[in-house]
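Student: Would you be able to build a 3D model of this:
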Amino acid sequence: MIMRIAVIPERLGGVLSPCGTIRLSTFFDAIRDATHGRWEVRYLVAEEVEAFQPHVIVWQRVALPTSDDVAAVVKVAKAVGATMIYDLDDNLFELDDQFERRVYAGKLEAVRASLQAADQVWCSTPNLAGNSAGISRSPPLLMTNALDPGLWVTAGGPALVSGPVSRLLYMGTRTHAADLDLLNEAMALLERRAPGRYKLDVVGVSSHYGEFPWLEVLAIPSHIGASYPAFVHWLCLQGARRLGVAPLLRSRFNDSKSNIKVLDYAALGMPALVSDVPAYSSLRVDMDCMKSDNSALAWATSIERACADEALTSRVLSSATSLIGERVFGDAVRLRMDAIDRGLSRV
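Tutor: Predicted coordinates:
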């Protein structure tokens, strides 16, 4: 028997959003391949689902942007006897950024309706699962992020990890503008201590950057657009720096974030220095990553320490590399397949 799975991913224009790739297509493509077609996966818009007559319907975030859209899919699911799975990877009810709050304000009712309607809710972190438990009608399942080894390849650009200048890399979305401000304060301290010794390369994060002697913006080519696979390919070509950094200020939104930046940096060949906050609490300090308190002085001191101790950074990178790869990704795929099987057995 062929099992039909309808996946409704979040889209940006004509492509899947980065979350659509990271949280859904990465795993469902692998599920389709692992079952040799016995599980048929199709990426659909809501209006196409009924004709497919699926056994499972999966959607995420605000792929169904209104509660009416959610109700329509629920109606189809009940008519065909499909299991409903909703995937959430951010605490959208607690957004920090004012622009993001405005963007999502009209869609939160749909998020709430999705949590309440789904037979299974998949969350990316324990904190997010805990926050969602008070809304969802079933206990959320923890489905952590894992990198698709077929998407991330060995960095092909210059390895900027040696020499008198220590180059750091920071990448993120616009929700991290305040985190970049903290990092720039730390870089200013380092510039006063050792002029020109530390440089910061930034990808994304902000649309407006200050003029700092340590800061270089790596502009994402316009042809990449919203395509996450294209972005990863470009990023891998930029090469490794001595250190990947991920400052993260405490907030209800940030506390539900995942540790995916440590995985990304490991895939690029870099150890990570991160904030000592709940998002990274599952990672071992000075093993999987290095951690810093959230002050400019603490960050400056931690950067100096990491860049001066090659034995430490080598150990951290080796350990972080064990968090990615075929085995880890395969385990994540099987975890999702098992959850789907359990959901179908209850129908």
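
Student: And the contacts of the worst-scoring helix or strand of the chain on mean pLDDT?
Tutor: Least confident helix or strand of the chain, by mean pLDDT, DSSP states H and E, is helix 98-105 with a mean of 80. Residues outside helix 98-105 that contact it (Cβ atoms under 8 Å, 6 or more residues apart in numbering): 62, 92, 95, 174-175. Yep, even glycine has a C-beta here, placed from its N, CA and C like the rest.

Student: Can I have the buried ones of the residues you listed as a ChimeraX selection?
Tutor: To isolate the buried members of those in ChimeraX, using 16 or more other Cβ atoms under 10 Å:
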select :62,92,95,175
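
Student: For the contacts of helix 98-105, work out which two are farthest apart.
Tutor: 62 and 174 (16.9 Å; Cβ to Cβ).

Student: ok, the closest residue to residue 276 other than its chain neighbours - contacts?
Tutor: Setting aside the residues directly before and after it, residue 276 is nearest to residue 291 in space (Cβ to Cβ, 6 or more residues apart in numbering), at 4.1 Å. Applying Cβ under 8 Å, 6+ apart, one finds that residue 291 lies in contact with 273-276, 280, 285, 302.

Student: what do you get if the cut-off is 6 Å, keeping everything else the same?
Tutor: 274, 276, 285 (Cβ atoms under 6 Å, 6 or more residues apart in numbering).

Student: Now that we have those residues, which of them are buried?
Tutor: 274, 276.

Student: Adding secondary structure, write the contacts of residue 291 out as CSV.
Tutor: As requested, the contacts of residue 291 are arranged in CSV below (DSSP: H, G, I helix; E, B strand; the rest coil):
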residue, secondary structure
274, strand
276, coil
285, strand
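
Student: Could you list the domains of this protein?
Tutor: With domains defined by automatic domain parsing, the chain comprises 3-144+326-345, 166-321.

Student: out of the ones you listed, nearest to residue 152?
Tutor: Closest to residue 152 of those, according to Cβ to Cβ: domain 166-321, at 4.1 Å.

Student: now the closest one: mean pLDDT?
Tutor: Across domain 166-321, pLDDT averages out at 93.

Student: thinking again about what came up before, to residue 153, which of the domains of the chain lies closest?
Tutor: Of those, nearest to residue 153 by Cβ to Cβ is domain 166-321, at 5.5 Å.

Student: Now find how far off-centre the closest one is within its chain.
Tutor: 14 Å (Cα atoms, centre = their mean, to the nearest Å).

Student: And the helices in the stretch 101-250 of the chain?
Tutor: Taking DSSP state H, counting those that start in this stretch as the criterion, the stretch 101-250 of the chain carries its helices at 108-117, 126-133, 177-193, 228-236.

Student: These: which one's closest to residue 344?
Tutor: helix 108-117 (17.3 Å).

Student: Can you list the buried residues in the closest one?
Tutor: Applying 16+ other Cβ under 10 Å to helix 108-117 flags 110-117 as buried.

Student: and it, how far out from the chain's middle?
Tutor: So, by Cα atoms, centre = their mean, the centroid of helix 108-117 is 21 Å from its chain's centroid.

Student: Counting by contacts, list what that helix packs against.
Tutor: helix 67-80 (3 or more Cβ pairs under 6 Å, 6 or more residues apart in numbering; DSSP states H and E).

Student: Return the list of helices and strands in contact with the helix or strand just after the helix it packs on.
Tutor: Following helix 67-80 in sequence order, the next helix or strand is strand 83-88 (DSSP states H and E). Contacts defined by 3+ Cβ pairs under 6 Å, 6+ apart place strand 83-88 against strand 56-60, strand 120-123.

Student: Including distance to residue 236 and mean pLDDT, could these go into a markdown table?
Tutor: Formatted as a markdown table, the helices and strands packed on strand 83-88 follow (distance: least, Cβ to Cβ, whole Å; pLDDT from 0 to 100):
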| stretch | distance to residue 236 | mean pLDDT |
| --- | --- | --- |
| strand 56-60 | 25 | 98 |
| strand 120-123 | 27 | 98 |
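
Student: Save these as JSON lines, and put in distance to residue 24 and mean neighbour count too.
Tutor: Putting the helices and strands packed on strand 83-88 into JSON lines (distance: least, Cβ to Cβ, whole Å; neighbours: other Cβ atoms under 10 Å) gives the following:
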{"stretch": "strand 56-60", "distance to residue 24": "6", "mean neighbour count": "25"}
{"stretch": "strand 120-123", "distance to residue 24": "10", "mean neighbour count": "25"}
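
Student: can you redo those strands as a markdown table with distance to residue 216?
Tutor: Below are the helices and strands packed on strand 83-88 laid out as a markdown table (distance: least, Cβ to Cβ, whole Å):
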| stretch | distance to residue 216 |
| --- | --- |
| strand 56-60 | 34 |
| strand 120-123 | 36 |
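
Student: And the strands in this structure?
Tutor: 3-8, 11-12, 15-16, 39-43, 56-60, 83-88, 120-123, 141-142, 166-172, 198-204, 215-217, 243-246, 272-275, 290-292 (DSSP state E).

Student: among these, which is the most enclosed?
Tutor: strand 243-246 (a mean of 27; mean count of other Cβ atoms under 10 Å).

Student: still on that earlier bit, may I see the helices of the stretch 101-250 of the chain organised as TSV, with distance to residue 45 added?
Tutor: Listed next are the helices of the stretch 101-250 of the chain as TSV, based on distance: least, Cβ to Cβ, whole Å:
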stretch	distance to residue 45
helix 108-117	15
helix 126-133	25
helix 177-193	32
helix 228-236	19
